[in-house]
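1. Pasting the sequence and the predicted model now:
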Amino acid sequence: MIETTGERWYERLDSAGAVYGSLLAASVVLAQSPLQVAVPPGELAVLLLGTGAVFWLVHVYTRTVGRYVASGRFTWSALARAAEDESPIALAALPPAAAALVAGALGGSPSAAAWWAFVTALCGQLAWAVAATRQVGAPVRVTVVSVLINLALGLVLVVLKVAIAH
């Protein structure tokens, strides 16, 4: 649903959901072991898109059930609104999946494709963190802190992966 109030469609996106989806994508990439034997880029892309879709469906389901419990009735419009509102979770998987496919198409190894996908997911997470803080009119210092926190979260994933792989 595009609003007709002059608001751009991307201004309505749930930036927090996109940050979450980007962190989810980064976790998926690291979980499939780019430090050891990585899965082929096509399989990684399917894994990223599938995981994003499943988490999106879970969020849509829980919001719809929550509204049903609160109101005592189900409406298709509530389901459609939940699907739209939660879409950034699934959409955040698109750039890292594309990065994996492009890296593979350019002849990169599965491990290189996985790292490109991870870096893309982390960059998306940081960009969405900036968008989220700017969207609510937060001061620049809050934006900087948000970026640093999100960067730290991504780096925690790398540290955990390195620690487990060794």
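-> Arrived safely, thanks for sending.

2. From the contact counts, what lies against the helix or strand where residue 100 lies?
-> According to DSSP states H and E, residue 100 maps onto helix 94-105. Here helix 94-105 is seen to pack against helix 15-31, helix 41-71, helix 110-135 when contacts are counted using 3 or more Cβ pairs under 8 Å, 6 or more residues apart in numbering; DSSP states H and E. To be clear about C-beta, it is placed using only N, CA and C from the backbone, and glycine gets the same treatment.

3. Measure how the helix or strand just after the second one sits relative to helix 41-71, angle-wise.
-> Just to be clear, that refers to helix 41-71. Next helix or strand after helix 41-71 toward the C-terminus (DSSP H and E): helix 76-85. Counting by axes from the mean of the first three to the mean of the last three Cα atoms, to 10 degrees, helix 76-85 lies at 140 degrees to helix 41-71.

4. Tell me the first helix or strand C-terminal of helix 76-85.
-> Trace forward from helix 76-85 with DSSP H and E and the next one is helix 87-91.

5. how close does residue 150 sit to residue 21?
-> 13 Å (Cβ to Cβ, to the nearest Å).

6. Who has more neighbours out of those two?
-> Neighbour tally, residue 150 and residue 21, criterion other Cβ atoms under 10 Å: the higher count belongs to residue 21, 30 against 21.

7. Please tell me I have it right and that one contacts residue 87.
-> No. The pair residue 21 / residue 87 is not scored as a contact, 9.2 Å apart, by Cβ atoms under 8 Å.

8. which residues do those two both contact?
-> residue 56 (Cβ atoms under 8 Å, 6 or more residues apart in numbering).

9. Minimum distance to residue 161: which of the helices and strands packed on helix 94-105 has it?
-> helix 15-31 (4.5 Å; Cβ to Cβ).

10. which residues touch the most centrally placed residue in the chain?
-> With distances taken as Cα atoms, centre = their mean, residue 21 lies nearest the centre of the chain, 2.1 Å away. Applying Cβ under 8 Å, 6+ apart to residue 21 gives the contacts 52, 55, 56, 88, 89, 90, 91, 92, 93.

11. Can I get those residues in JSON lines including pLDDT, neighbour count and distance to residue 122?
-> Putting the contacts of residue 21 into JSON lines (pLDDT from 0 to 100; neighbours: other Cβ atoms under 10 Å; distance: Cβ to Cβ, whole Å) gives the following:
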{"residue": "52", "pLDDT": "92", "neighbour count": "25", "distance to residue 122": "15"}
{"residue": "55", "pLDDT": "90", "neighbour count": "21", "distance to residue 122": "18"}
{"residue": "56", "pLDDT": "93", "neighbour count": "23", "distance to residue 122": "20"}
{"residue": "88", "pLDDT": "90", "neighbour count": "24", "distance to residue 122": "16"}
{"residue": "89", "pLDDT": "89", "neighbour count": "28", "distance to residue 122": "16"}
{"residue": "90", "pLDDT": "92", "neighbour count": "24", "distance to residue 122": "18"}
{"residue": "91", "pLDDT": "92", "neighbour count": "17", "distance to residue 122": "16"}
{"residue": "92", "pLDDT": "91", "neighbour count": "28", "distance to residue 122": "11"}
{"residue": "93", "pLDDT": "93", "neighbour count": "27", "distance to residue 122": "13"}
